[in-house]
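> Predicted structure and sequence below. I'll ask about it afterward.
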Amino acid sequence: TVRNKKVVKPIYFTQFPKDLDEIKDVQLKKETFIKIILPLVVAENKKILDDRFKLKQIARKNNKLNEKDQRWLKQKYREYKIKKSDINELQKRMDVIPVSIAIAQAAKESGWGTSRFALEGNAIFGQWTWTGKGIEPLNKGKQENHKILRFPILRASVKAYKNNLNTHKGYSEFREKRSALRKKNRPLDGFNLTGSLDNYAQTGKEYTLIIKKIILQNNLKDFETVKLTTSVERKQINL
(Lines give C-alpha, C1' and ligand atoms only; values in the text may rest on other atoms or scores of the structure.)
Protein backbone atom coordinates (compact mmCIF):
# COMPACT_ATOMS: atom_id res chain seq x y z
CA THR A 1 0.00 0.00 0.00
CA VAL A 2 2.81 2.42 0.88
CA ARG A 3 4.64 1.65 -2.36
CA ASN A 4 1.49 2.46 -4.37
CA LYS A 5 -0.06 5.34 -2.44
CA LYS A 6 3.26 6.99 -1.45
CA VAL A 7 2.13 7.78 2.10
CA VAL A 8 3.18 6.20 5.40
CA LYS A 9 1.78 6.57 8.91
CA PRO A 10 4.02 8.36 11.46
CA ILE A 11 4.59 5.30 13.64
CA TYR A 12 8.07 5.40 15.18
CA PHE A 13 9.80 2.42 16.76
CA THR A 14 12.35 3.39 19.40
CA GLN A 15 14.33 0.17 18.91
CA PHE A 16 14.39 -2.96 16.78
CA PRO A 17 12.51 -6.04 18.00
CA LYS A 18 15.04 -8.35 19.63
CA ASP A 19 13.59 -11.34 17.77
CA LEU A 20 13.73 -9.78 14.30
CA ASP A 21 16.39 -12.28 13.26
CA GLU A 22 14.07 -15.16 14.18
CA ILE A 23 11.81 -14.41 11.21
CA LYS A 24 12.71 -17.23 8.82
CA ASP A 25 11.06 -15.75 5.73
CA VAL A 26 13.76 -13.45 4.31
CA GLN A 27 11.28 -11.29 2.40
CA LEU A 28 9.10 -10.82 5.49
CA LYS A 29 12.15 -9.90 7.55
CA LYS A 30 13.17 -7.25 5.01
CA GLU A 31 9.66 -5.84 4.80
CA THR A 32 9.46 -5.63 8.59
CA PHE A 33 12.78 -3.77 8.63
CA ILE A 34 11.57 -1.31 5.97
CA LYS A 35 8.33 -0.72 7.89
CA ILE A 36 10.40 0.30 10.91
CA ILE A 37 12.98 2.44 9.09
CA LEU A 38 10.83 4.19 6.47
CA PRO A 39 8.77 6.46 8.79
CA LEU A 40 11.93 7.50 10.65
CA VAL A 41 13.70 8.51 7.43
CA VAL A 42 10.66 10.28 5.97
CA ALA A 43 10.09 12.18 9.23
CA GLU A 44 13.67 13.50 9.32
CA ASN A 45 13.46 14.46 5.64
CA LYS A 46 10.23 16.34 6.35
CA LYS A 47 11.97 18.38 9.04
CA ILE A 48 14.71 19.26 6.56
CA LEU A 49 12.19 20.22 3.86
CA ASP A 50 10.38 22.47 6.33
CA ASP A 51 13.71 24.14 7.11
CA ARG A 52 14.44 24.55 3.38
CA PHE A 53 11.07 26.21 2.93
CA LYS A 54 11.88 28.67 5.71
CA LEU A 55 15.39 29.25 4.35
CA LYS A 56 13.97 30.20 0.96
CA GLN A 57 11.65 32.70 2.63
CA ILE A 58 14.58 34.22 4.52
CA ALA A 59 16.75 34.36 1.37
CA ARG A 60 14.06 36.46 -0.32
CA LYS A 61 14.27 39.14 2.37
CA ASN A 62 17.59 40.43 0.99
CA ASN A 63 19.31 40.63 4.39
CA LYS A 64 16.43 42.56 5.95
CA LEU A 65 16.04 39.99 8.71
CA ASN A 66 14.36 40.42 12.05
CA GLU A 67 15.98 39.17 15.24
CA LYS A 68 14.07 35.88 15.18
CA ASP A 69 15.21 35.10 11.63
CA GLN A 70 18.80 35.97 12.52
CA ARG A 71 18.76 33.63 15.52
CA TRP A 72 17.28 30.82 13.43
CA LEU A 73 19.88 31.31 10.68
CA LYS A 74 22.73 31.39 13.18
CA GLN A 75 21.51 28.15 14.75
CA LYS A 76 21.33 26.45 11.32
CA TYR A 77 24.87 27.56 10.47
CA ARG A 78 26.00 25.81 13.66
CA GLU A 79 23.89 22.73 12.98
CA TYR A 80 25.32 22.34 9.47
CA LYS A 81 28.87 23.21 10.62
CA ILE A 82 29.30 26.30 8.45
CA LYS A 83 31.85 28.64 10.04
CA LYS A 84 31.30 31.58 7.69
CA SER A 85 27.77 32.83 7.18
CA ASP A 86 27.49 31.43 3.66
CA ILE A 87 23.83 31.00 2.77
CA ASN A 88 24.70 29.28 -0.54
CA GLU A 89 26.64 26.60 1.32
CA LEU A 90 23.75 26.24 3.76
CA GLN A 91 21.39 25.67 0.84
CA LYS A 92 23.65 22.86 -0.40
CA ARG A 93 23.88 21.15 2.97
CA MET A 94 20.29 21.62 4.14
CA ASP A 95 18.64 18.99 1.99
CA VAL A 96 17.18 15.52 2.22
CA ILE A 97 18.93 12.19 1.87
CA PRO A 98 17.11 10.13 -0.78
CA VAL A 99 15.00 7.50 0.97
CA SER A 100 16.37 4.66 -1.17
CA ILE A 101 19.94 5.46 -0.09
CA ALA A 102 19.04 5.75 3.58
CA ILE A 103 17.16 2.43 3.67
CA ALA A 104 19.85 0.61 1.67
CA GLN A 105 22.67 1.89 3.89
CA ALA A 106 20.66 1.10 7.00
CA ALA A 107 20.13 -2.45 5.73
CA LYS A 108 23.81 -2.93 4.89
CA GLU A 109 25.19 -1.40 8.09
CA SER A 110 22.73 -3.03 10.50
CA GLY A 111 22.29 -6.43 8.86
CA TRP A 112 18.64 -5.59 8.23
CA GLY A 113 18.23 -4.62 11.87
CA THR A 114 19.84 -7.72 13.38
CA SER A 115 23.44 -6.63 14.10
CA ARG A 116 24.77 -6.39 17.65
CA PHE A 117 25.31 -2.65 17.20
CA ALA A 118 21.71 -2.13 16.04
CA LEU A 119 20.20 -4.19 18.86
CA GLU A 120 22.45 -2.99 21.69
CA GLY A 121 22.93 0.64 20.70
CA ASN A 122 20.30 1.58 18.09
CA ALA A 123 23.24 2.09 15.73
CA ILE A 124 21.63 1.75 12.32
CA PHE A 125 24.35 3.24 10.13
CA GLY A 126 27.57 2.00 11.74
CA GLN A 127 28.95 5.47 12.49
CA TRP A 128 32.34 5.51 14.20
CA THR A 129 33.28 7.56 17.25
CA TRP A 130 36.58 8.23 19.01
CA THR A 131 35.18 10.36 21.81
CA GLY A 132 31.46 9.61 22.27
CA LYS A 133 29.66 6.72 23.88
CA GLY A 134 30.07 3.66 21.74
CA ILE A 135 30.13 -0.11 21.41
CA GLU A 136 33.47 -1.86 21.06
CA PRO A 137 33.76 -3.84 17.78
CA LEU A 138 34.80 -7.45 18.45
CA ASN A 139 37.20 -7.88 15.52
CA LYS A 140 38.90 -4.52 15.01
CA GLY A 141 42.65 -4.28 14.42
CA LYS A 142 45.22 -3.46 17.10
CA GLN A 143 45.83 -0.01 15.63
CA GLU A 144 42.14 0.88 15.59
CA ASN A 145 40.68 2.64 18.62
CA HIS A 146 37.25 3.59 17.35
CA LYS A 147 33.88 2.48 18.65
CA ILE A 148 30.45 2.32 17.01
CA LEU A 149 28.38 5.31 18.10
CA ARG A 150 25.49 4.40 20.40
CA PHE A 151 22.07 6.14 20.38
CA PRO A 152 19.17 6.26 22.86
CA ILE A 153 16.53 5.64 20.16
CA LEU A 154 16.50 4.71 16.46
CA ARG A 155 15.44 8.15 15.27
CA ALA A 156 18.53 9.71 16.89
CA SER A 157 20.67 7.41 14.73
CA VAL A 158 18.81 8.53 11.59
CA LYS A 159 19.29 12.20 12.50
CA ALA A 160 23.02 11.71 13.12
CA TYR A 161 23.39 9.88 9.81
CA LYS A 162 21.75 12.72 7.88
CA ASN A 163 23.89 15.28 9.69
CA ASN A 164 26.96 13.25 8.77
CA LEU A 165 26.17 13.18 5.03
CA ASN A 166 25.16 16.84 5.06
CA THR A 167 28.24 18.18 6.86
CA HIS A 168 31.29 15.88 6.57
CA LYS A 169 33.89 16.94 3.99
CA GLY A 170 34.04 13.36 2.70
CA TYR A 171 30.58 13.74 1.20
CA SER A 172 31.01 17.11 -0.52
CA GLU A 173 30.73 15.44 -3.96
CA PHE A 174 27.41 13.91 -2.92
CA ARG A 175 26.13 17.36 -1.86
CA GLU A 176 27.37 19.00 -5.07
CA LYS A 177 25.59 16.45 -7.26
CA ARG A 178 22.42 16.74 -5.20
CA SER A 179 22.54 20.52 -5.51
CA ALA A 180 23.03 20.28 -9.28
CA LEU A 181 19.88 18.14 -9.54
CA ARG A 182 17.97 20.71 -7.50
CA LYS A 183 19.07 23.54 -9.76
CA LYS A 184 17.90 21.60 -12.83
CA ASN A 185 14.58 20.93 -11.05
CA ARG A 186 15.17 17.20 -11.37
CA PRO A 187 14.25 14.51 -8.80
CA LEU A 188 16.92 13.36 -6.38
CA ASP A 189 17.78 9.96 -7.83
CA GLY A 190 19.15 7.92 -4.95
CA PHE A 191 20.51 5.18 -7.19
CA ASN A 192 22.76 7.56 -9.13
CA LEU A 193 23.74 9.67 -6.12
CA THR A 194 24.96 6.52 -4.36
CA GLY A 195 28.04 6.59 -6.59
CA SER A 196 29.35 9.65 -4.72
CA LEU A 197 29.32 7.93 -1.32
CA ASP A 198 32.46 5.80 -1.74
CA ASN A 199 34.03 7.55 1.29
CA TYR A 200 31.40 6.04 3.60
CA ALA A 201 33.26 2.73 3.92
CA GLN A 202 36.84 1.53 3.62
CA THR A 203 35.88 -0.62 0.61
CA GLY A 204 35.06 2.51 -1.45
CA LYS A 205 33.49 1.83 -4.85
CA GLU A 206 32.83 -1.79 -3.91
CA TYR A 207 30.64 -0.47 -1.09
CA THR A 208 28.60 1.78 -3.37
CA LEU A 209 28.00 -1.12 -5.76
CA ILE A 210 26.57 -3.14 -2.87
CA ILE A 211 24.26 -0.24 -1.92
CA LYS A 212 23.07 0.05 -5.53
CA LYS A 213 22.41 -3.69 -5.59
CA ILE A 214 20.31 -3.45 -2.40
CA ILE A 215 18.30 -0.58 -3.92
CA LEU A 216 17.59 -2.55 -7.09
CA GLN A 217 16.90 -5.94 -5.50
CA ASN A 218 14.43 -4.48 -3.01
CA ASN A 219 12.80 -1.88 -5.29
CA LEU A 220 13.69 0.88 -2.84
CA LYS A 221 13.12 3.55 -5.49
CA ASP A 222 9.42 3.01 -4.78
CA PHE A 223 9.86 4.95 -1.55
CA GLU A 224 11.62 8.08 -2.88
CA THR A 225 8.48 10.25 -2.90
CA VAL A 226 6.72 8.76 0.14
CA LYS A 227 5.33 11.33 2.59
CA LEU A 228 3.86 11.08 6.08
CA THR A 229 0.08 10.93 6.24
CA THR A 230 0.30 14.07 8.40
CA SER A 231 2.40 16.07 5.91
CA VAL A 232 1.27 19.49 4.71
CA GLU A 233 1.73 19.98 0.98
CA ARG A 234 4.37 22.59 0.16
CA LYS A 235 4.79 24.55 -3.02
CA GLN A 236 8.06 24.42 -4.97
CA ILE A 237 10.93 24.61 -2.45
CA ASN A 238 13.96 24.18 -4.69
CA LEU A 239 16.81 26.57 -3.87
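Arrived safely, thanks for sending.
> Beyond the helix or strand hosting residue 51, next helix or strand please.
In this assignment (DSSP states H and E), residue 51 forms part of helix 26-59. Following helix 26-59 in sequence order, the next helix or strand is helix 67-79 (DSSP H and E).
> SS state for the residue nearest in space to the middle of the chain?
The residue lying closest to the centre of the chain (C-alpha atoms, centre = their mean) is residue 162, at 3.8 Å. Put simply, residue 162 is helix when judged by DSSP: H, G, I helix; E, B strand; the rest coil.
> Can you give me every residue that contacts it?
44-45, 48, 96-97, 102 (C-beta atoms under 8 Å, 6 or more residues apart in numbering). The way it works is simple: take the backbone N, C-alpha and C, and place the C-beta from them, glycine included.
> and which of those is nearest to residue 88?
Among those, residue 48 lies closest to residue 88 (C-beta to C-beta), at 17.0 Å.
> Using the three-state scheme, assign the closest residue in space to that closest one that isn't next to it in sequence.
Computed as C-beta to C-beta, 6 or more residues apart in numbering, the closest residue to residue 48 that is not its neighbour in sequence is residue 96, at 5.2 Å. Using three-state DSSP, the structure places residue 96 in coil.
> Now for the contacts of residue 162: which two are most distant?
Spanning the widest gap among the contacts of residue 162 are 48 and 102, at 11.9 Å by C-beta to C-beta.
> my read is residue 13 is in a strand, agree?
No. Under the criterion used here (three-state DSSP), residue 13 is coil, not part of a strand.
> what's the neighbour count on it?
16 (other C-beta atoms under 10 Å).
> Residue 154 is in contact with that one, correct?
Yes. Using C-beta atoms under 8 Å, residue 13 makes contact with residue 154 at a distance of 6.0 Å.
> Would you mind listing the residues touching both of those two?
Common contacts of residue 13 and residue 154, defined by C-beta under 8 Å, 6+ apart, comprise 36, 40.
> that older thread, how close does the residue nearest to the centre of the chain sit to residue 74?
Counting by C-beta to C-beta, to the nearest Å, the gap from residue 162 to residue 74 is 20 Å.
> Could you list the low-pLDDT ranges of this structure?
Applying pLDDT under 70 to the chain flags residues 132, 140-144, 231-239.
> If we use 80, what do you get?
The chain contains residues with pLDDT under 80 at 62-63, 130-133, 136-145, 231-239.
> Spell out the residue ranges of the helices in it.
2-5, 26-59, 67-79, 87-93, 99-110, 116-121, 154-167, 172-183, 190-193, 205-217 (DSSP state H).
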